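Novice: I'll drop the sequence and a predicted model, then ask my questions.
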Amino acid sequence: MEAGIFGFAQQKPQPEIQESPLSVANCLDSVSSSANNCCTKRDFSAKFKRYLISRKSTCKQTGMILKPLESPVFFLRRFWFTISVCHRFLTKSKYVMSNLEDKQQEDKIRKAFKERDWSGIKSADSWAIFKVMSEFVEGFEKLAKIVPCVSIFGSARTPRDHSHYKMAEDIAAKLVRHGYGVITGGGPGIMEAGNKGAHSEGGKSVGLNIVLPFEQFNNIYIDRDKLITFDYFFVRKVMFIRYSQGFVVLPGGFGTMDELFEALTLIQTNKIGRFPIVLVGKDYWEGLVDWIKKTLLSHKYINEEDLDLFSVVEDATEAVRVIDDFYSKYLLSPNF
C-alpha cells in the first residue's frame, strides 16, 4: 500500500455495493409502516432492531467507522449512503419525531417540579448567570455604535413571493435611504426581507438571531460584524428595545406579538422613550386593534391615550413617513 491523498493509504478498488431490490427502499417502507402500527417507542425500537438484524447486508453498508487505511472515496460513498438511509428513515417515520418532541416536553415539565439540592442549584443556575452576562456584554459591545436604527418585526414563515415580504424589503430600503439602520431578528421570512432591503441600499443591517430547535437560522443579508446569536429571548428583546429608535411591525405570530407588546408596555410605563410603533397592514391588524378598543379600553385596563402609542398604516411610504414625522417633531435628524 502507498500513501495517497489526505494521508490515507491507497487500496485496490473496492467492489461496487450491490443493493438488492429489497435492501433500502422497500425495507424503509416496511419500517415506516411498522412505525405507524406501533403503540410505543419500545415496540418500534424492537421492530427496527429485528429489521436490521434480518438485513445484515444493509447493516454492513451502514457502518460508519472510518478504517485507518480505508480509501477516502470509498468512505465518502459509504458516508453518503448512510446519510441518505437516515434521512429517508426519519422523513418517513413521523412517529419517531413526534414522540421525541413529546418526551422532551414531558422531561421539561418533570424537571420544573423536581427538587434540587444546593449543589444542583450551584452548578446549573449559578453558571447560567455567566451565560446571560456574556450575551449582554456581546450585545452591548456590538450594538453600541450603530444608532439610529429601526427594528422590523414579523413572521419567520413568510415566503419570499408573499406581498408582506416585498413590503418589508421596501420599508427597509426606504429607511436606509432616509438615514436609518435596520435591526431584525436575523432569521428568514420578514426578518430576511428587512435585512435584504437594508443590505441592497448599503445601510446597516443588524441581525439578532436566536437558537431554536426549528425554523430559525440567520439569513445572508446581515452585516458580518452585526450578527449576534442569543440563547435567551429576554436578552434578545433588551437589545431590540435598547438600540431601536422606532419599531415597524408586519404580520406575524406569537413571537411578533411578544415583541410588539414588549415595546408597547415599556413605552406605556415610561421605561423607554415614546418611540414610534408602526403596524403595517390594516386588514391584518384590524381585528387586534378592535379587540384592544372594545375589550381592554372598555374594561378600563388601558387609558384612551394609550391608543396613540401605535399607528396603523397600509404601505411602505406611510410607514417611513411616521418615523420621519417623529424625528421632525423633536427637531432631530436620523444622523445625529
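Specialist: Received it, and whenever you're ready, just let me know what you need.

Novice: Disregarding flanking residues, what is the spatial nearest neighbour of Gly139?
Specialist: Distance criterion CB to CB, 6 or more residues apart in numbering; nearest residue to Gly139, sequence neighbours excluded, is Met239 at 4.5 Å. The C-beta positions use only the backbone N, C-alpha and C, and glycine is treated the same way.

Novice: where in the protein is pLDDT low?
Specialist: 1-101, 108, 111-112, 116-124, 214-216, 330-336 (pLDDT under 70).

Novice: so where do the helices sit in the stretch 201-336 of the chain?
Specialist: Assigned by DSSP state H, counting those that start in this stretch, the stretch 201-336 of the chain shows helices spanning 233-242, 254-268, 282-291, 316-329.

Novice: CA atoms only for stretch 234-245, dumped as CSV, please.
Specialist: The C-alpha coordinates for stretch 234-245 follow below in CSV (Å, rounded to 0.1, in the frame of the first residue of the first chain):
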residue,chain,number,x,y,z
PHE,A,234,-35.3,38.2,27.2
VAL,A,235,-31.7,39.2,26.4
ARG,A,236,-32.5,39.5,22.7
LYS,A,237,-35.6,41.7,23.4
VAL,A,238,-33.5,44.0,25.6
MET,A,239,-31.2,44.6,22.6
PHE,A,240,-34.1,45.2,20.3
ILE,A,241,-35.6,47.8,22.7
ARG,A,242,-32.3,49.5,23.8
TYR,A,243,-30.9,50.1,20.3
SER,A,244,-34.0,51.0,18.3
GLN,A,245,-35.5,54.4,17.8
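
Novice: contacts for it?
Specialist: Stretch 234-245 is touched from outside by 132, 135-136, 139, 143-144, 146-151, 180, 183, 185, 206, 208, 210, 228, 230, 258-259, 262-263, 266, 272, 275, 334, with contacts defined as CB atoms under 8 Å, 6 or more residues apart in numbering.

Novice: Okay, domains of this structure per the record?
Specialist: Domains of the chain are assigned by automatic domain parsing as 19-99, 130-329.

Novice: Can you say which of those domains is packed in most?
Specialist: Burial of the domains of the chain is given as mean neighbour count (mean count of other CB atoms under 10 Å); domain 130-329 ranks first at a mean of 18.
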